[in-house]
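S.K.: what's the 3D shape of this:
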Amino acid sequence: MDARSITDFELYDIVAGGDKEEIESLKEVVLEGWVKTNRDNGSIGFIEFNDGTYFKNVQLVYHKECKDYELLSGLKTGAAIKVVGDVVLTPENKQPFDFFIKEFELEGDVEEDYPLQKKRHSFEFLRDIAHIRPRANTFQAVFRVRSVLSMAIHQFFQERGFIYVHTPLITTNDGEGAGNVFDVITHDTKDPHSFYSQKVNLTVTGQLHVEPFALSFRDVYTFGPAFRAEHSNTTRHASEFWMIEPEIAFADLRDDMNLIEDCVKYCINYILTACPAEMEFFNTMIDKTLFERLNHVVSSEFKVLTYTEGIELLQKAVKEGQKFENSKIEWGMDLQSEHERYLTEQVFKGPLFLINYPKEIKAFYMRQNDDGKTVAACDLLVPAVGELVGGSQREERYDLLKARMDELGLTKGLEWYLDTRRYGGCRHAGFGLGFDRLLMYVTGMSNIRDVQPYPRTSGSIKY
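M.R.: Model (predicted):
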């Protein structure tokens with residue numbers, strides 16, 4: 001087979017481009033990929049084929065006269081094949097072109113127990129075969145969008161001059177003082193903590209390590225894995241996930257919210273432009289309101305509401321008959337998803353920043369407001385999800401930060417963090433955006449286990 005190799009993506013791109021000379025050159029070309037489905041009516045057969053480079057399949061056609069007809073008609077779903085053939089435009093049909101097979105090689109056959117067949121499989125079933133599910137349509141779309149969304153994140157920050165910092169995965173602190181960490185130990189039975197001469201754990205956030213870089217490079221970000229040992233089986237929690245955490249110097253809470261709004265809108269527009277076929281699939285098969293919801297977000301001005309005002313609105317709603325699972329609304333509580341969704345969906349009908357939370361329910365590093373009760377924090381609430389992003393202005397005043405850390409018993413081991421306030425500190429801010437949750441939001445997928453290649457959740461681990 002000394003013919004020109006081509007990919008599915010290149011085929012669709014050439015045909016869509018409409019260049020007559022390029023289209024006419026699509027003779028004796030080679031495709032290599034996998035059989036999605038195969039149907040033979042006795043004289044002509046059709047193979048739905050995909051090589052992984054494009055979401056849409058290529059229709060391969062084979063005739064009775066083809067020398068490999070018997071082999072082709074017997075191909076099973078999942079088989080890896082190599083074919084040589086000609087592309088013929090079919091503007092009158094559903095697909096823009098057909099690929100007529102001239103030569104064929106079977107690269108890899110499949111056993112009879114191949115689990116993906118021409119029927120709809122439940123997401124629960126597919127989670128148990130994570131090594132095979134990327135071949136299913138939904139996950140072809142999910143993991144391509146995951147890749148493109150990663151690029152969108154980097155492009156957004158790189159275009160704005162941010163420095164990308166690789167923060168450590170092994171650390172001595174738990175970031176926010178929550179205590180839900182995975183300890184890292186060795187196989188030394190006498191002292192499993194001997195390697196570092198102290199207890200260490202997997203990071204829950206890169207924020208504390210990236211802040212010092214903001215005080216040198218001004219605008220920085222870290223984008224990498226984080227780990228939390230929470231026994232949670234909700235659709236939104238996993239023990240391993242990826243976090244986007246920028247930090248900006250000489251910035252306050254308003255600057256932080258502007259950056260969050262710009263980032264979210266940029267990512268949505270990027271995906272809608274770069275992945276039209278996948279997004280059309282999600283809008284048709286997963287969430288029929290997806291386009292409407294995403295376009296509403298990118299065209300909206302993000303509103304701002306204080307936590308105190310939010311509590312008052314929720315209390316008023318309860319008095320007027322609104323039902324919540326947790327209807328005991330009081331100042332100082334940590335809002336649940338149902339409360340956040342009510343505010344963003346029913347009251348403001350669009351994206352909403354909730355700001356100035358009680359300091360008792362927020363992390364130690366958040367800047368204390370003048371009222372002595374609240375901190376300069378913000379959560380971005382969006383319809384259908386609730387909280388999507390959490391951020392804050394950081395406490396740059398050494399005395400106040402140290403007093404808060406002493407109060408919570410967090411100072412020991414974080415003296416280096418306090419140094420950043422003693423040695424040329426300045427006002428600065430940042431936020432944390434869960435990449436997996438963002439991916440759920442832009443695709444309409446409802447379970448975090450279905451947007452991670454190999455999800456890690458409490459209870460069991462297979463891969």
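
S.K.: which one is residue 131 nearest to, not counting chain neighbours?
M.R.: residue 463 (6.9 Å; CB to CB, 6 or more residues apart in numbering). Yep, even glycine has a C-beta here, placed from its N, CA and C like the rest.

S.K.: ok, now residue 127?
M.R.: Nearest residue to residue 127 in three dimensions, chain neighbours excluded: residue 449, at 5.6 Å (CB to CB, 6+ apart).

S.K.: Isn't that neighbour up against residue 455?
M.R.: Yes - with contact defined as CB atoms under 8 Å, residue 449 counts as touching residue 455 (4.1 Å).

S.K.: can you list residues touching both of those two?
M.R.: By CB atoms under 8 Å, 6 or more residues apart in numbering, residue 449 and residue 455 have these common neighbours: 127, 238.

S.K.: How about the contacts made by the residue nearest to residue 127?
M.R.: 123, 127, 235, 238, 455, 457.

S.K.: hmm, 10 Å instead?
M.R.: Applying CB atoms under 10 Å, 6 or more residues apart in numbering to residue 449 gives the contacts 123, 124, 126, 127, 130, 235, 237, 238, 436, 455, 456, 457.

S.K.: Give me the local confidence score for residue 1.
M.R.: Listed pLDDT for residue 1 reads 48.

S.K.: how close does the residue of the chain positioned farthest from its centre sit to residue 54?
M.R.: No residue in the chain sits farther from the centre than residue 65, which is 48.2 Å out by CA atoms, centre = their mean. For residue 65, the distance to residue 54 (CB to CB, to the nearest Å) stands at 29 Å.

S.K.: can you check residue 150 too?
M.R.: Using CB to CB, residue 150 is found at 19 Å from residue 54.

S.K.: and residue 32, what helix or strand is that in?
M.R.: Using DSSP states H and E, the element containing residue 32 is strand 29-40.

S.K.: one step back: so for the residue nearest to residue 131, what's the pLDDT?
M.R.: What the model reports as pLDDT for residue 463 is 89.

S.K.: Give me the distance between it and residue 343.
M.R.: From residue 463 across to residue 343, the span is 39 Å (CB to CB).

S.K.: same check, this time on residue 254
M.R.: The gap separating residue 254 from residue 343 is 20 Å, by CB to CB.

S.K.: Compare the two and say which is more crowded by neighbours.
M.R.: Applying other CB atoms under 10 Å to residue 254 and residue 343 shows that residue 343 carries more neighbours, namely 21 against 15.

S.K.: pLDDT at that one, what is it?
M.R.: Each residue has a pLDDT score; the one for residue 343 is 97.

S.K.: Please apply the same query to residue 33.
M.R.: Residue 33 is assigned 97 on the pLDDT scale.

S.K.: Provide the partner residues of it in its beta bridges.
M.R.: Note on residue 33: beta-bridge partners by DSSP bridges are residue 81.

S.K.: from memory it sits against residue 49, does it?
M.R.: Yes - Residue 33 is within contact range of residue 49, at 5.6 Å (criterion: CB atoms under 10 Å).

S.K.: what's the overlap in contacts for these two?
M.R.: With CB under 10 Å, 6+ apart, residue 33 and residue 49 have common neighbours 8, 57, 58, 60, 81, 83.

S.K.: from those, which ones fall inside helices?
M.R.: Taking DSSP state H as the definition of helices, those contribute residue 8.

S.K.: Tell me who's in contact with the residue nearest to residue 131.
M.R.: Neighbouring residues of residue 463 by CB under 10 Å, 6+ apart: 130, 131, 453, 454, 455, 456.

S.K.: cool, and residue 378?
M.R.: 253-254, 256-257, 260, 304, 307, 353-357, 366, 389-393, 429, 431.

S.K.: where does this structure dip in pLDDT?
M.R.: For the chain, residues meeting the criterion pLDDT under 70 lie at 1-2, 177-179.

S.K.: can you give me the helices in it?
M.R.: Ranges of helices within the chain are 8-17, 20-24, 69-73, 123-127, 137-159, 207-217, 253-274, 276-281, 290-299, 307-319, 337-341, 398-408, 415-422, 435-443, based on DSSP H.

S.K.: how about the second one: buried residues?
M.R.: Right, the one you point to is helix 20-24. residue 23 (16 or more other CB atoms under 10 Å).

S.K.: which phi and psi does residue 162 have?
M.R.: The phi/psi pair for residue 162 (degrees, to the nearest 10) reads phi -70, psi 150.

S.K.: on that earlier part again, I'd like to know which of the contacts of residue 378 are part of strands.
M.R.: 304, 353-357, 389-393, 429, 431 (DSSP state E).

S.K.: Let me know the closest of those to residue 289.
M.R.: Among the ones in strands among the contacts of residue 378, residue 389 lies closest to residue 289 (CB to CB), at 21.0 Å.

S.K.: Which residues are in contact with the closest residue to that closest one other than its chain neighbours?
M.R.: What sits nearest to residue 389 in space, not counting adjacent residues and going by CB to CB, 6+ apart, is residue 380, at 4.0 Å. If you count contacts by CB under 10 Å, 6+ apart, residue 380 has them with 257, 260-261, 263-264, 302, 340, 344, 351-354, 386-391, 431, 433.

S.K.: any idea how far residue 380 is from residue 77?
M.R.: Plainly put, residue 380 is 43 Å away from residue 77 if you go by CB to CB.

S.K.: now residue 65
M.R.: For residue 65 relative to residue 77 (CB to CB), the value is 25 Å.
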